[in-house]
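Trainee: Sequence and computational prediction follow.
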Amino acid sequence: MKLLILGGTVFLGRHFVEAALDRHYDVTLFNRGKSGNDLYPDVEKLVGDRDGGLDVLRGRTWDAVIDTSGYVPRLVGDSARLLADATEHYTFISSISVYSDFSAETITEDAPTQQLEDERVEEVSGATYGGLKVLCERAAEAAMPGRVLNARAGLIVGMYDSVNRFPYWVNRIAKGGEVLVPDSPDCPVQLINARDIAEWSLDMAASKSAGTFNVTGPNYRLTLGELFETIKDVTASDATFVWVSEEFLLENEVSPFEEIPLWLPKANQGVMNTDVRKAIDAGLTFRSLADTTRATYEWLQASGAHRDNQPRKVGDLEIRSGLTPDREADLLAKWRAQSAN
């Protein structure tokens, strides 16, 4: 299969490239050439810009396109319209952040989605990210009706992670000692290995399957307690978990999902109960949590990634994932003092 990947050098895009190459697909990458230029030397690379610099794509054809780098609907629409006659299938990597009500017990694909007050906005922020992804889905579908796969991804984890949400916990728990962890070991959590999304999406592209799917995991109810114990076991850590209450975290202005990755207040935990039966019925499978943790830990050790715990960019959105050591120590001291009274 001839495959065009929009992106391909960062996190999920890299997993798509490697999964496609393992299948002996003919892969072409299109991006700005600003990162990962030394990756995949035998893969064709087309350099351009989604904002007015698509001409290098003209006159070419591919069996399928994978869009891992779409955040602004105008730009997704431009790409999809240009490629409408150049490909049979378009996969858009969306997000479960598109939904508007995270208090629901479970979230299915037909749940209400976010609507921006001003649909012309193009600044990607925490307030606009989900709404923009909704409009990106619509822009792709308008350009290629019936030929678009919208993969609404949950928390993506694994090697090459550029955001540091899951790696924060792997690094922090591996370090050992007292680890501040949020709320309750029974809190639900969902995540999916990037390679699992890539493999499933390529299968769907090969069969020209279209539609909208929630794509996260696992295929059972996973809790924070089970997740942290798995990381502790895989990293052979001596960590001790200090479970602090939601009320304490909110009172101390700890930002959910950013300073403490994977944690959301109870009012928003529906996002961690996303229904993925439709994708499973369409062939989605999952690597084990232990295997995902082990691969991530080995990559972190080899690469030194995220040791600085600095903010990362996702599109135009700046994300800081995880507590700094000083912030964690301060919160632990306050928690002990409060618990002693």
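Mentor: Right, received. Where do you want to start?
Trainee: The helix or strand that Ile197 is a member of packs against which elements?
Mentor: Per DSSP states H and E, Ile197 falls inside helix 194-206. In terms of contacts (3 or more Cβ pairs under 8 Å, 6 or more residues apart in numbering; DSSP states H and E), helix 194-206 is packed against helix 12-22, strand 64-67, strand 89-95, strand 148-153, strand 156-157, strand 211-215. The C-beta positions use only the backbone N, C-alpha and C, and glycine is treated the same way.
Trainee: which of those sits most buried?
Mentor: strand 64-67 (a mean of 27; mean count of other Cβ atoms under 10 Å).
Trainee: Tell me the strands beside that strand, with direction?
Mentor: When pairing is defined by DSSP bridges, strand 64-67 lines up against strand 2-6 (parallel), strand 89-95 (parallel).
Trainee: related to what we said a few turns ago, could you dump the helices and strands packed on helix 194-206 into JSON lines and include mean pLDDT?
Mentor: Shown next, in JSON lines, are these (pLDDT from 0 to 100):
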{"stretch": "helix 12-22", "mean pLDDT": "98"}
{"stretch": "strand 64-67", "mean pLDDT": "98"}
{"stretch": "strand 89-95", "mean pLDDT": "98"}
{"stretch": "strand 148-153", "mean pLDDT": "98"}
{"stretch": "strand 156-157", "mean pLDDT": "97"}
{"stretch": "strand 211-215", "mean pLDDT": "98"}
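Trainee: got the residue ranges for the helices in the stretch 1-150 of the chain?
Mentor: Secondary structure of the stretch 1-150 of the chain (DSSP state H, counting those that start in this stretch): helices at 12-22, 73-83, 129-143.
Trainee: And the contacts of the last one?
Mentor: Under the contact criterion Cβ atoms under 8 Å, 6 or more residues apart in numbering, helix 129-143 has outside partners 67, 70-74, 76-77, 80-81, 83-84, 90, 92, 94-95, 97-100, 113-116, 119, 121-122, 124, 148, 150, 212, 317.
Trainee: Dump the helices of the stretch 1-150 of the chain to TSV, plus distance to Trp200.
Mentor: Shown next, in TSV, are those (distance: least, Cβ to Cβ, whole Å):
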stretch	distance to Trp200
helix 12-22	10
helix 73-83	21
helix 129-143	18
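Trainee: Mind checking the ones you listed for the one nearest to Gly53?
Mentor: Proximity to Gly53 (Cβ to Cβ) singles out helix 73-83 among those, at 10.1 Å.
Trainee: Buried residues in the closest one, which are they?
Mentor: For helix 73-83, the neighbour count (16 or more other Cβ atoms under 10 Å) marks Pro73, Leu75, Val76, Gly77, Asp78, Ser79, Ala80, Leu83 as buried.
Trainee: Let me know the helix or strand that Ala295 is in.
Mentor: Secondary structure from DSSP H and E places Ala295 in helix 289-303.
Trainee: That helix: how far from the chain's middle?
Mentor: Mean C-alpha position of helix 289-303 versus that of the full chain (Cα atoms, centre = their mean, to the nearest Å) differs by 17 Å.
Trainee: do stretch 54-70 as well
Mentor: The chain centroid and the centroid of stretch 54-70 are separated by 22 Å under Cα atoms, centre = their mean.
Trainee: got a list of contacts for that stretch?
Mentor: Stretch 54-70 is contacted by residues 1-8, 12-13, 16, 28, 30-31, 46-48, 50, 76, 78-80, 82-83, 86-93, 136, 140, 201-202, 205-206, 315 when judged by Cβ under 8 Å, 6+ apart.
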